[in-house]
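Visitor: My questions concern the predicted model and sequence given below.
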Amino acid sequence: MANRRASITDLAKALNLSASTVSRALADHNDVSEATKERVRALAKELNYQPNQLAAALRRGRSKTLGVLVPHITGNFFPHVVHGIATEASKSGYNVLICQSDEDVQQEKKNIDLFMNAQVEGILVSLANTTQDFAHFDAVKDQRLPLVFFDRIIEGFQGPNVSAVVLNDYLGAYQAVSHLIEQGCTRIAIFSGPLHVNINKNRYQGYVDALTAHGLPLRPEYVSHHADINLKSGTQAMRKLLRMAQRPDAVFASNDLAIVGAMQVAKEQGLRVPDDIALVGFSNEAFTELTEPTLTSVDQRSEQMGRTAVRLLLKLLNRPATASPLKPVVLEPKLIVRDSSVRLARKERN
């Protein structure tokens, strides 16, 4: 017993009582004598007995647990979303069970099964970038388990128990590219992730529409799509761009890691940032304030997204099954302008 958690059964055996009597004694029921209660409490304290809150909740038909599934817990964005989720869930008396898919749809399916077998009261999920078959989410919807997508969502996936919270990724990209144009950039490249993922599709469209609105052509040779947009893909894409006869004078990436890769290559080749090439990322990772120069990026309202996702899920928990679907919540992005993209002010100072 010393190597494991003491149970009600252990207490009952040691005291020669029934498990139900021990349980009622711990709950201070009137049908158990004070003497018996004292014996039970003394042994419980001696053995450091702790009640199994999950088992008790399940007996009441409530697990008070939410399942949270993210693609990964590296970087700045998803840890901050999870922090927002955990903080908001705790305020309402819920625990969270956190899993990561590692951008693998098969692992994502296993985690959804785990949540359902664990009898979570709701699921919050951001899709893996390899997910294109959504049958495992159909199963969640069919069981009427509250389901809230955040950041990476299934567009058009609806139901009385389904909702979503997203950033206006289109607007964030549009603002970022417009800022580069306002700084005098005319040949702007983009590093994007796979377009079947909503955030990449919307950021790419924001890039395209910003060019069009400012009378600039879309140059296919300046567009790079990657299965996994990260430091390595950003490095590779930048090297390819800089081999062109007419290289770009700016790069916008839908991920901060990719733009840091681009910055490293630019410096290796003796280019000045932002004078020779201006750079803007997306996510506002913590390291964007530590690079040299500091990195302009779009803030994704990560913690606010997590809190909002939990509030939506709790609304779903308390709505009748016949209620109409809750509309997705769209958060507004914020462009954080730093030194990697500001050209005009530098010229004015010189």
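Guide: Thanks, I have the structure now. Numbering: from 1, shown residues only.
Visitor: Just confirm Pro194 contacts Ser224, I think it does.
Guide: No - counting by Cβ atoms under 8 Å, Ser224 is not a contact partner of Pro194; they are 11.8 Å apart. Where you see a C-beta, it was placed from the backbone N, CA and C, and this is true even at glycine.
Visitor: Quick check on those two: which one has the bigger neighbour count.
Guide: Ranked by neighbour count (other Cβ atoms under 10 Å), Pro194 and Ser224 place Ser224 first, with 20 against 15.
Visitor: thought that one was touching Ile190?
Guide: Yes - in this structure Ser224 lies within contact range of Ile190 using Cβ under 8 Å: 7.0 Å.
Visitor: Pick out the residue closest to the middle of the chain.
Guide: Phe78 (4.0 Å; Cα atoms, centre = their mean).
Visitor: From Leu124, how far off is the closest residue to Ala6 other than its chain neighbours?
Guide: Closest residue to Ala6 apart from its sequence neighbours, by Cβ to Cβ, 6 or more residues apart in numbering: Leu47 at 4.1 Å. Distance of Leu47 to Leu124, computed by Cβ to Cβ, to the nearest Å: 37 Å.
Visitor: out of these two, which sits in the more crowded spot?
Guide: Set Leu47 next to Leu124 and count neighbours by other Cβ under 10 Å: Leu124 wins out with 28 against 16.
Visitor: and that one, what are its bridge partners?
Guide: Val68, Val148 (DSSP bridges).
Visitor: Look up how far Ser33 lies from Ala25.
Guide: 9 Å.
Visitor: between these two, which one's more packed in?
Guide: Ala25 (25 against 11).
Visitor: Can you classify that one by secondary structure?
Guide: Classification of Ala25 using DSSP: H, G, I helix; E, B strand; the rest coil returns helix.
Visitor: The chain should start at 21 in everything you say after this.
Guide: In the new numbering, first residue 21, that becomes Ala45.
Visitor: pretty sure it contacts Thr56?
Guide: Yes - taking contacts as Cβ under 8 Å, Ala45 lies within contact range of Thr56: 5.7 Å.
Visitor: Now do the shared contacts for the two.
Guide: Leu37 (Cβ atoms under 8 Å, 6 or more residues apart in numbering).
Visitor: per-residue confidence at the residue nearest to Ala26?
Guide: pLDDT, Leu67: 85.
Visitor: Surely the residue nearest to the centre of the chain is in a helix?
Guide: Yes - assessed by three-state DSSP, Phe98 belongs to a helix.
Visitor: what's the nearest residue to it if we skip its chain neighbours?
Guide: Phe98 sits nearest to Val90 (Cβ to Cβ, 6+ apart), 4.6 Å away.
Visitor: give the contact list for the one you found.
Guide: Here Val90 is in contact with Phe98, Val101, Val102, Ile118, Cys119, Gln120, Ser121, Val145, Ser146 (Cβ under 8 Å, 6+ apart).
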